[in-house]
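A.B. asks: Sequence first, predicted coordinates after that:
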Amino acid sequence: MKPLLFSAALAALAAAPACAHFQLIYNPEPNLERPGDVPLRLIFWHPMENGHAMDMGKPLELFYVFKGEKIDIGETLAPITFTGAQNGAAAFEAALPVKRNGDYIVGLVPAPYYEESEDIYIQQITKVFFNKGGIPSGWNEPLGLPTEIVPLNKPTNVIAGSTFSGRLLSQGAPVAGAEIEIEYIAAEPDMETNAVGEATVGPVPGGAIVAITDENGVFTFGIPRAGHWGFAALGAGPATEHEGKELSQDAVIWIKAYDLD
Amino acid sequence: MTLNTRIFLAGAVVALGIAGAAMAHTPLCACYDNGDGTILCEGGFSDGASAAGVRLAVIDGDGNVLVEAKMDENSEFTFARPAGVFSVLFDAGEGHEITIPADEIY
């Protein structure tokens, strides 16, 4: 390999860890007071660096769990174009029907995404939480996904300056020693325009923010700032191959932090 | 101490215990118009505790109690929608009362 190409390859490798892919299931407000359809935006993105957005294929499954009952909302999916700071990408909108008080856990199994730069497929199985009326009803229960992060703090009202802990499961069993990548939505998507808003934070030096799960599969991270925080366990799932290529089956969870004013 | 006094004291201790537990959490209640002339109210507490047995009252604009009931084992109660102005009182004891006006029933 020529030195210049080699340098370029090194630079690409060096850049890769900082570019964390995160699957979003987004709505700005997880705490709901009245019944109605909650609009969702499904975006595959680099939210912390307000970076490149990836084209999503049609999700394999979108559902919510309320008091232990799983309800499919795949038929509410409709394609949209998300306009990031750098590019536009295929994304989806959907709707979560909310009536009764309690926790609504939304789960997404996306179509595997082919990441050309790494020659692998990525499938980020993602969970996000909504609550109506302040009554807890199961946010701390696993959904039985191939891999998932189960919250150990209530994920709908983490206080900025406190901590968030989660337990990583693969096929229901805790995963020890797994790397958890952590990201903040630096620029929140606009629900009206499906475009990104103004970035509120800049990049962090030193690449990805990382925590490692302990022997019980548990990690803890101090939440320094109000907003949406995402946690991703890369390659935690049991599936390792898709269409003859390596598959990284990841578990992603989103939480919302508030300032204690 | 007579047996009756003992039973009374035991009862008082149990009552205090229940009241103490209720103080540590916030009462919550929401009502829904079922669209068939009935209204469903569901109650609960912020720590996930059941509201079974909590008093619910439907009160008209003049303060008259139209319906009085206790939340069922699912912390729910359904009643016929009254004509005119009314509100629902979820009464989990002193300091733990919630009033829901009719215009906050969706």
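C.D. replies: Done, it's in. Numbering: from 1, shown residues only, chains lettered A, B, ... in the order given.
A.B. asks: Which is the succeeding secondary structure element to the lowest-mean-pLDDT helix or strand in chain B?
C.D. replies: For chain B, using mean pLDDT, DSSP states H and E, the weakest element among its helices and strands is helix B:3-23, scoring a mean of 45. As assigned by DSSP states H and E, the chain's next helix or strand after helix B:3-23 is strand B:27-33.
A.B. asks: list the helices and strands that next one packs on?
C.D. replies: Identification of packing neighbours for strand B:27-33 by 3 or more CB pairs under 8 Å, 6 or more residues apart in numbering or on different chains; DSSP states H and E yields strand B:38-45, strand B:86-91, strand B:97-101. All C-beta atoms are positioned from the backbone trio N, CA, C, and that covers glycine.
A.B. asks: Give me every residue in the stretch 101-250 of chain A lying close to chain B.
C.D. replies: Among all residues of the stretch 101-250 of chain A, those adjacent to chain B (criterion: CB under 8 Å from any CB of the partner chain) are A:101, A:132-137.
A.B. asks: Please convert those residues to JSON lines, extending it with distance to A:P155.
C.D. replies: JSON lines is the format used below for those (distance: CB to CB, whole Å):
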{"residue": "A:N101", "distance to A:P155": "17"}
{"residue": "A:K132", "distance to A:P155": "15"}
{"residue": "A:G133", "distance to A:P155": "16"}
{"residue": "A:G134", "distance to A:P155": "14"}
{"residue": "A:I135", "distance to A:P155": "15"}
{"residue": "A:P136", "distance to A:P155": "11"}
{"residue": "A:S137", "distance to A:P155": "13"}
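A.B. asks: Tell me which entries of these lie within strands.
C.D. replies: Secondary-structure check on those using DSSP state E: residues within strands are A:K132.
A.B. asks: Any chance of the residues of the stretch 101-250 of chain A next to chain B in CSV with neighbour count and pLDDT as columns?
C.D. replies: Listed next are those as CSV, based on neighbours: other CB atoms under 10 Å in any protein chain shown; pLDDT from 0 to 100:
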residue, neighbour count, pLDDT
A:N101, 23, 96
A:K132, 24, 97
A:G133, 21, 94
A:G134, 19, 93
A:I135, 24, 94
A:P136, 18, 95
A:S137, 20, 95
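A.B. asks: What is the burial count for the residue lying closest to A:P146 once chain neighbours are set aside?
C.D. replies: Closest residue to A:P146 in three dimensions, ignoring its sequence neighbours and counting by CB to CB, 6 or more residues apart in numbering or on different chains: A:G237, at 4.7 Å. The criterion is other CB atoms under 10 Å in any protein chain shown. On that basis, A:G237 has 23 neighbouring residues.
A.B. asks: what does A:E179 give?
C.D. replies: As a burial measure, the neighbour count of A:E179 was computed by other CB under 10 Å and equals 16.
A.B. asks: surely it meets A:I209?
C.D. replies: No - the pair A:E179 and A:I209 fails to qualify as a contact (CB atoms under 8 Å) at a distance of 10.9 Å.
A.B. asks: hey, what's A:I80 bridged with?
C.D. replies: The bridge-partner assignment for A:I80, based on DSSP bridges, gives A:A91.
A.B. asks: Next one: it from A:M54, what distance?
C.D. replies: When distances are taken as CB to CB, to the nearest Å, A:I80 and A:M54 turn out to be 14 Å apart.
A.B. asks: Equivalent analysis for A:A176, please.
C.D. replies: 30 Å.
A.B. asks: ok, the two, which is more surrounded?
C.D. replies: More crowded of A:A176 and A:M54, by other CB under 10 Å: A:M54, with 21 against 13.
A.B. asks: Contacts only, for residue 84.
C.D. replies: Going with chain A. A:45, A:50-53, A:196 (CB atoms under 8 Å, 6 or more residues apart in numbering or on different chains).
A.B. asks: To clarify, I was referring to chain B.
C.D. replies: Contact criterion CB under 8 Å, 6+ apart gives B:60-61 as the residues in contact with B:G84.
A.B. asks: Show the pLDDT at it.
C.D. replies: Per-residue confidence (pLDDT) for B:G84: 92.
A.B. asks: From chain B, how far out is the nearest residue to A:A90 once chain neighbours are set aside?
C.D. replies: Computed as CB to CB, 6+ apart, the closest residue to A:A90 that is not its neighbour in sequence is A:D55, at 4.1 Å. Counting by CB to the nearest CB, to the nearest Å, the gap from A:D55 to chain B is 38 Å.
A.B. asks: low-scoring stretches of chain B, by residue?
C.D. replies: Within chain B, the set of residues satisfying pLDDT under 70 comprises B:1-24.
A.B. asks: Up against chain A, what does it have?
C.D. replies: Residues of chain B that fall close to chain A, judged by CB under 8 Å from any CB: B:26, B:28, B:30, B:32, B:42, B:44-48, B:106.
A.B. asks: again, 6 Å this time
C.D. replies: Of all the residues in chain B, those in contact range of chain A (CB under 6 Å from any CB of the partner chain) are B:28, B:30, B:42, B:44, B:46, B:48, B:106.
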